[in-house]
Every structure is written in C-alpha cells, then in structure tokens.
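J.: Sequence first, predicted model second:
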Amino acid sequence: MCVASPPPEWSGPVIALFAEDGQLDPVCPPTTTEVWAAGRNPAAMCQCDDCSAENVACDVTLGWGANGFCETSSEWLTGCQPFTSDELGQFYLSVELEPAEGAACSPPEPSAAQFRTRAVACEPQGPSCEGGTCMIGRACVWQEGDVDCPGEFSDKTLLYDGVETETASCEGCDCGENSTLCDSATVSLHGEEMCSDLPVAPPGEYGGGACVPYDEGFVLIQDLAGIDVQPIASDCSSSAGTIAATATFIESKARTLCCVR
C-alpha cells in the first residue's frame, strides 16, 4: 500500500513488530531497516528456589561422655568454645539444634529489570509512491515523548528506551519454615582453646540428639581445650517457583508509537 508521509513533527512511516514474555525479541525483516528498539511493562523476577540459609545461627545443646554414654550436657554456642572433659576412652557426642531467634531462610536477589513487551520499528525500503512510501504491513508513525496520536494513526503505544530498578524485593518468595534451618552440625575437638590447631580426629557431622561416637577409632587420651560446632544450614525449599519481584522502576526516554488500526 502507499502510505502518506507522516504529519509534521512525526517520523515514519515504520512497521512495528512486538514480542511478549517468553518470546524471542522481534527482528526487522530483510526488506526493512531497524530504526529503534524499545519496550514497556518492566519486570524483575525472583527465582524462589534460590532461597538461602547462609550464616544461620543455631541454639545448640551438646552432650558428651565416654564409652557409649553422653552423661554431661550443656547449652552451647555456635563456633569455637573452651572445653574440658574428665572422661577417658572412646569419646561420644550428642548434638541437638534449634534455630536461634531471628534465624530464617533469606529470599533471593531479584533479576535485573527487563521489559515484558518489546518492540522494534522497521523502516521499509520499498519504492516511493505518490505522496508517500510504498510498504507492506501495518503502518505506524512515532515521536519522542508522550503525545497524542495524529489522525488515522490512532492506535497508541507508549514505549521506553530503557529501565532501571529503583527498589526491588523478593520477599514474596516462600522460603520455608525456620525449623528446617538447623538439622545438623559439624563438630571438631581441639587441643588448643582457640581451635587454631588441627582437630584431634576427623570432624564428624551430628544431629538429632543421638549419642554417637566421635570417630569410631578415636579414644580420648589427652586433655581437650576447645570444641568447634558449625551448624549446617539445610536447603531452603520454596513452592513459589519464579515470581515477579515487588519493585518500582524508572523508565527513560518515552516514545509514542501510533499505528493505523
């Protein structure tokens, strides 16, 4: 069709192609030249499966003794603490853990903002015709800023050159219950109070409160000075999948696209 030249202050005519969420970005066909690409409806996404429980603090109850018994118990702190035991023989430990106050799975970081609707304006390369441009497709004109559409080009779409995230949060992700955070801990026994030496035997993983040996072949024949308890944060489960972040955006350089209905 022969499309008339655009009104004063307007550019075009162009053919506009659009893509929505889940679609590939639009590309100008071979017989046209891209003039600009823009978008609208920004979103930042949250991959809720990336909830994390790093550096979780846990309340620890530690029991210990020798030869199959954990007769002595005490509330314990996470990390290295001074420790002494009068027991000799094969050393046994029991470890019970509960999340400390405020312990929780942390929501993931939102992704960078992306336009859910993307558009590209394509300038036709067809021959001129009387009073305009010969082109195939739906004809559109455009102008910088947010303005009213002219005449027969009455179908308006407001687009933007770019977007920045002003605030964004993945607090909408369901990151699981606090009770999942402190299932087990690694425990190591040391001859130095600051636990700066190598453990006297390979560290073990403990949980559930059972009285179990600290390394099957380890027999306590020396004084201990420190014990190091490091909780192992279990994976934070989420049933929310991928959701849109709660966010506000700053969109830059508005552009009005007006097309023939």
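T.: Noted; the coordinates are in hand. Because the structure is predicted, anything quoted here is derived from the model rather than measured.
J.: quick one, what contacts the nearest residue to residue 118 once chain neighbours are set aside?
T.: The spatial neighbour of residue 118 that comes closest, neighbours along the chain excluded (C-beta to C-beta, 6 or more residues apart in numbering), is residue 39 at 4.5 Å. C-beta: built from backbone N, CA, C; applies to glycine. Applying C-beta atoms under 8 Å, 6 or more residues apart in numbering, one finds that residue 39 lies in contact with 115, 116, 117, 118, 119, 159, 160, 163.
J.: Quickly find the element holding residue 147.
T.: Secondary structure from DSSP states H and E places residue 147 outside every helix and strand.
J.: what mean pLDDT does stretch 127-135 have?
T.: This predicted structure assigns stretch 127-135 an average pLDDT of 80.
J.: how long is it end to end?
T.: 8 Å (C-alpha to C-alpha, to the nearest Å).
J.: What lies in contact with that stretch?
T.: Outside stretch 127-135, the residues touching it (C-beta under 8 Å, 6+ apart) are 1, 2, 3, 4, 5, 13, 15, 124, 126.
J.: Looking at those residues, which one is closest to residue 252?
T.: Minimum separation from residue 252 among those (C-beta to C-beta) is found for residue 15, which lies at 24.4 Å.
J.: Doesn't that closest one belong to a strand?
T.: Yes - assigned with DSSP: H, G, I helix; E, B strand; the rest coil, residue 15 falls within a strand.
J.: List the contacts of it.
T.: Shown in contact with residue 15 (C-beta under 8 Å, 6+ apart): 28, 29, 32, 121, 122, 124, 135, 136, 137, 138, 139, 140.
J.: Can you flag the buried ones in those residues?
T.: Applying a neighbour-count criterion of 16 or more other C-beta atoms under 10 Å, the buried members of the contacts of residue 15 are 28, 32, 121, 122, 124, 135, 137, 138, 139, 140.
J.: tell me the two of those that are most distant?
T.: The most widely separated members of the buried ones among the contacts of residue 15, counting by C-beta to C-beta, are 28 and 139 (14.9 Å).
J.: where are the low-confidence patches of the stretch 1-150 of the chain?
T.: Judged by pLDDT under 70, the stretch 1-150 of the chain has its weakly predicted residues at 54-56, 101-103.
J.: Let's see that with 50 instead.
T.: In the prediction, the stretch 1-150 of the chain carries no residues with pLDDT under 50.
J.: Next, the buried residues of the helix or strand where residue 257 lies.
T.: Counting by DSSP H and E, the element that carries residue 257 is strand 246-259. Residues of strand 246-259 classed as buried under the neighbour-count rule (16+ other C-beta under 10 Å) are 247, 249, 251, 254, 255, 256, 257, 258, 259.
J.: neighbours around residue 145, how many?
T.: A count of neighbours around residue 145, defined by other C-beta atoms under 10 Å, yields 9.
J.: so who does it touch?
T.: Per C-beta under 8 Å, 6+ apart, neighbours of residue 145: 254, 255, 256.
J.: now swap in residue 157 and tell me
T.: Taking C-beta under 8 Å, 6+ apart as the contact definition, residue 157 lies against 16, 40, 119, 256, 257, 258, 259.
J.: Closest one to residue 153 out of these, please.
T.: When the contacts of residue 157 are compared against residue 153 (criterion: C-beta to C-beta), the nearest one is residue 258, at 3.9 Å.
J.: ok, back up a step: so how far is residue 241 from the residue nearest to residue 118?
T.: Between residue 39 and residue 241 the computed distance is 24 Å (C-beta to C-beta, to the nearest Å).
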